[in-house]
Each structure stands twice: as structure tokens, then as C-alpha cells.
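Visitor: prediction below, plus the sequence it came from.
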There are 2 protein chains.
Amino acid sequence: MKVLRQFYNYYLSEDKDLARRMYALLGFVPANLYLFKLAFFHKSSAHIQDTPLHNNERLEYLGDAVLGTVVAEYLFKKYPISDEGFLTKMRSKIVKRKMLNDLASDMGLDFLLNEYNTTRLSSSMLGNAFEALIGAIYLDRGYRGTRRFIVRKVLRKYLDIHGLETFDDNFKSQLLEWCQKHGKEAEFKVVSRFKHDKRDRFKVAVIVAGEKISIAEDYNKKSAEQSASEKALLQMGVLAEDENE
Amino acid sequence: MKVLRQFYNYYLSEDKDLARRMYALLGFVPANLYLFKLAFFHKSSAHIQDTPLHNNERLEYLGDAVLGTVVAEYLFKKYPISDEGFLTKMRSKIVKRKMLNDLASDMGLDFLLNEYNTTRLSSSMLGNAFEALIGAIYLDRGYRGTRRFIVRKVLRKYLDIHGLETFDDNFKSQLLEWCQKHGKEAEFKVVSRFKHDKRDRFKVAVIVAGEKISIAEDYNKKSAEQSASEKALLQMGVLAEDENE
């Protein structure tokens, strides 16, 4: 039955164009093509009815959960001796809004979204459609099929997981790199050092081309430099503020 | 092979006692019994080595994700026409820390925890062990087996889902009920009414036995009464503050 429906969708249905694009994207022809159309319907679009059943929000809710589990399991198995804190941190780096938007854009979901929506695309619509697509895959293929898609077609293909591992710690080097590229001198300066809760606390300033850009403090110099660098990168518009989920 | 291992675990293994209790609790004999022992090892216990592989935190991390997905799907199917906002709210009511502790206690996990840990139990250890148990089931049985367990042996058995649907709105009736039971008079009083952003805003006080207990404000009287009632219930120690995850 399922094979028949897939055959129909691919060769005969009036949505065969979508079926073929889904095949190229997902590696299989959806049996329930309607779900995959729905996944790209944003509620702001005028051509659809205003009920929860006619936009992608319910699918997004489901896909968000499934994606979280697949990523959790993927990391659990990839890092067999890491502790829970590391795994949790890695997971939130992967499922955060900005990363989902980027992954969706790498997958070319923006083209599909443009086709099905009359309103202008915002970047968060991309990540949402990605989650909704996962919800649709889950309903069409079950957990294992969804896991296969996410691991093979998304995580292994587009995710720089080793970059993510160290991502937290490289604000200082990002800043230095940026400054070098733009021919500006960067300097870190300990502005003050004092006792707090009987521990040393450091206040560090980032100075770029002679101008003080940011200040941050922490219990050790290195962490204070990291925070100050992150602030400076945000300040100068090099980094964009993440909207966390 | 799996059946043989289950047979061994149930009849011959030195942990056959645990295997039998798991059978009673879960409806199946675990193939990998070690995981189920691990699920009850809290890191505070002295008898285990201090590595992530010898306590239940990694399993808890995994189980937390799987539980979230199973609950998300359960609600998605149970409420086929509800919107995403309702589903999200329901889901967070179910997976919040206090609810997990209660469910774990209903399932009798406290007995198992006591056996495997030398330290005193805290209530959050219960919910964590419940999540770790789900992680163990997932690794032993896969997604479908875990879903079957959660839906049949936990959600349908212990969860008052219709109570949860309306839970948000009944602080006022909870307060009135409590007062009646304790022979105290409760009164709601609009203390002030003013314009804010061109809209009416109401400030309502809860007075119990002549004493002003709490005050809250909102754009309509009913909502202000609800918030004030919740505050009063917390104030009087009838409700406990939820630690959300």
C-alpha cells in the first residue's frame, strides 16, 4: 500500500513536483505528501485557513521534540565517555535557533518556503520549517526513518561537530583573527583585580585600535578575556546575538 | 540471543532479583541488566566510582529527551485539533520536575533508589532516576518499546490528564476549597482599577480570615484573581513552588 502511494505521488499526483524534490532532499518519496506541503505553510501566509491544522506549527512542535531526541542520542553514542554536562551543552549548540536556520538554509529549504508562502521570509521561519519537516518525516516514516534522515542527510553532511566542541572557547581567537584581518591592533588589559567571596576576581577590557570596546569580569583572567572578547565581537557586529529557543 | 539473555537474567543471574522487579515494573525482562542497575546509581553515592560511566547522569540526559518526544507525540495524537501553544503548555506541565518526582514515586522507584544508594534520597533524585530508567529502556528496547512503556505504564496509569488541562485556571477554586476546609473566610477585593496602555487594569487582593495575604494585577479581574490566588496559596504554603527544569 505504502509503495503504491509513493509510486502515485512520484509519477501521477498533481504534487509530483513536490514529491520529486522531497525525494532529492530526503532520499525517499513521502507516502503522505500532504504533511510535507503543510510543513512549509507558515501561519502568516494569507492563502491558508487560520486554524492549527492548516499551518506548520503543530508539525514544528513535534519535529522540535524528535530532533532533540535524535541529536541527544547521536551525541550520546558519538561521545561514549563524556559526561552529561558536555552532552547537554553540545546538544543546545546544535538545536539552537540560529543553527537550525543555518542548517535549513544549507538544505535549500528557503526555495521551498518561498514557493508556498506569500509573505516575506524571516530567518526564523527557516528553522521552524526545518522542524516541521522533521515532524512530517516522523509521521510518515517513524522514529528510525527520521533518525536516519537527520543523521545522514543533516548532521553528517552540514554540521561541523568538531568546530562546535571547541566553539565556546574561541572568542578571543576569533577577535584576534578579525583584528588581524582588518589591520587593527587588539589588546587585553586587566583593569582591576579584587577579592570577591575570598577569591580573586579579574576585570578585563578589550581595546581595539586604541579604543575600549568592552569589559567583563570573572574569577580567572582567561574566562574574563573570553567574555570580554565575546562582548566585543557582538559590539562590533562581527557576531550576531543568538536567539535561543 | 536477546531471549537467552533475558532468560539468564531472570533465572540465573546474580541480579535476578532486579530482573524480576523490572519485569513487574516494566512488563519485560531487560536484556542488558547493567543499564537498569546504573539507572539507580546516583553520583552522590560513595560506593560507585566517580566517572560519568558509573552513575545515572548520562542515562538521565538521554531519557529526558526520549520522554519529551514520547509525551509530545502522545499529546499531538490525543489532541488532534489543538494548537501548538496548548500542546507545548501541556507538555511542560507533564515533564516538569515536580511531576516527574511524583510519577516516579507512584511507580515505587523510591524503594529501588534506596537500595542502590547510600545517601539520603532527595525528591529530585526520584525524577532523575525516572528519566535514567527511560534512558535505559531506550537503549534496551528502542524507541517503540520505550513509547509503549511510557504510554501504557506511566501516562495512562498515573497521569490525570484532564485535570492538567484545566490546571492553570483553578487557583481561585483551590483557594476557596482550602479555606472552606479550614473554616476560614476568603474574600477577593478590587483594590484599585486604573488605565494602563489605554486599557483597564485591575489590582486584586486576597483576604483570608480578615488578613491581606497577596495582591496581583492584570488586564481583567478574573486573571488578577487567579494570580492573586496562586500567590496566596504559595504564601500560605498550600502550593509548593515548582522547580521547573
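Guide: Arrived safely, thanks for sending. Numbering: from 1, shown residues only, chains lettered A, B, ... in the order given.
Visitor: A:L26 against A:A136, yeah?
Guide: No - in this structure A:L26 lies outside contact range of A:A136 using CB atoms under 8 Å: 9.6 Å. Bear in mind the C-beta positions are built from the backbone N, C-alpha and C, glycine included.
Visitor: looking at those two now, which is surrounded by more residues?
Guide: A:A136 (28 against 21; other CB atoms under 10 Å in any protein chain shown).
Visitor: ok, and the closest non-adjacent residue to the more buried one?
Guide: A:L35 (3.9 Å; CB to CB, 6 or more residues apart in numbering or on different chains).
Visitor: remind me which helix or strand that neighbour belongs to.
Guide: Secondary-structure assignment from DSSP states H and E places A:L35 in helix A:33-38.
Visitor: in the longest helix seen in chain A, which residues are buried?
Guide: The residue-count maximum for a helix in chain A (DSSP state H) belongs to helix A:123-148. Residues of helix A:123-148 classed as buried by neighbour count (16 or more other CB atoms under 10 Å in any protein chain shown): A:123, A:125-141, A:143, A:146-148.
Visitor: thinking again about what came up before, give me the contacts around the helix holding A:L35.
Guide: With contact meaning CB atoms under 8 Å, 6 or more residues apart in numbering or on different chains, helix A:33-38 is reached by A:9, A:13, A:15, A:18-19, A:22, A:30, A:54-56, A:59, A:116, A:132-133, A:135-136, A:139-140.
Visitor: please apply the same query to stretch A:94-109.
Guide: So stretch A:94-109 is contacted by A:25, A:40, A:64, A:67-68, A:71, A:75, A:93, A:110, A:123-124, A:126-127, A:129-131, A:133, A:153-155, A:157-159, A:164, A:240, A:242-245 (CB under 8 Å, 6+ apart).
Visitor: give me the distance between the most centrally placed residue in chain A and chain B.
Guide: With distances taken as CA atoms, centre = their mean, A:M99 lies nearest the centre of chain A, 1.8 Å away. Using CB to the nearest CB, to the nearest Å, we find A:M99 at a distance of 17 Å from chain B.
Visitor: ok, now how distant is the residue of chain A positioned farthest from its centre from chain B?
Guide: Residue farthest from the centre of chain A, counting by CA atoms, centre = their mean, is A:K198 at 39.9 Å. Counting by CB to the nearest CB, the gap from A:K198 to chain B is 26 Å.
Visitor: could you do A:N220 as well?
Guide: For A:N220, the distance to chain B - CB to the nearest CB - is 24 Å.
Visitor: tally of neighbours for that residue?
Guide: 12.
Visitor: thinking again about what came up before, now the angle from the helix or strand that the helix holding A:L35 is followed by to helix A:123-148?
Guide: Downstream of helix A:33-38, the first helix or strand assigned by DSSP H and E is helix A:57-78. Using axes from the mean of the first three to the mean of the last three CA atoms, to 10 degrees, the inter-axis angle of helix A:57-78 relative to helix A:123-148 is 50 degrees.
Visitor: how is chain A divided into domains?
Guide: As assigned by automatic domain parsing, chain A contains the domains A:2-167, A:171-235.
Visitor: what's the closest of those domains to B:A224?
Guide: Nearest of the domains of chain A to B:A224, taken as CB to CB: domain A:2-167 at 28.7 Å.
Visitor: can you tell me how far the residue nearest to A:A136 is from A:L18?
Guide: A:L35 sits 11 Å away from A:L18, going by CB to CB, to the nearest Å.
Visitor: where does pLDDT dip in chain A?
Guide: Where chain A drops to pLDDT under 70, the residues are A:45-53, A:167-169, A:241-245.
Visitor: residues in it within reach of chain B, list them.
Guide: Contact residues, chain A versus chain B (CB under 8 Å from any CB of the partner chain): A:51-53, A:57-58, A:60-62, A:64-66, A:68-69, A:71-73, A:76, A:81-84, A:87-88, A:91, A:138, A:143-144.
Visitor: wait, a strand at A:V238?
Guide: No - using DSSP: H, G, I helix; E, B strand; the rest coil, the assignment for A:V238 is coil, not a strand.
Visitor: need the contact list for the residue nearest to it when sequence neighbours are not counted.
Guide: Closest residue to A:V238 apart from its sequence neighbours, by CB to CB, 6+ apart: A:W178 at 5.5 Å. Applying CB under 8 Å, 6+ apart, we find A:W178 in contact with A:233, A:236, A:238.
Visitor: if I look at A:K189, how far off is A:L112?
Guide: 50 Å.
Visitor: neighbours of A:Q180, how many?
Guide: Neighbour tally, A:Q180, other CB under 10 Å: 11.
Visitor: for it, which three-state class applies?
Guide: helix.
Visitor: wait, a helix at A:S214?
Guide: No - counting by three-state DSSP, A:S214 is located in no helix; its state is strand.
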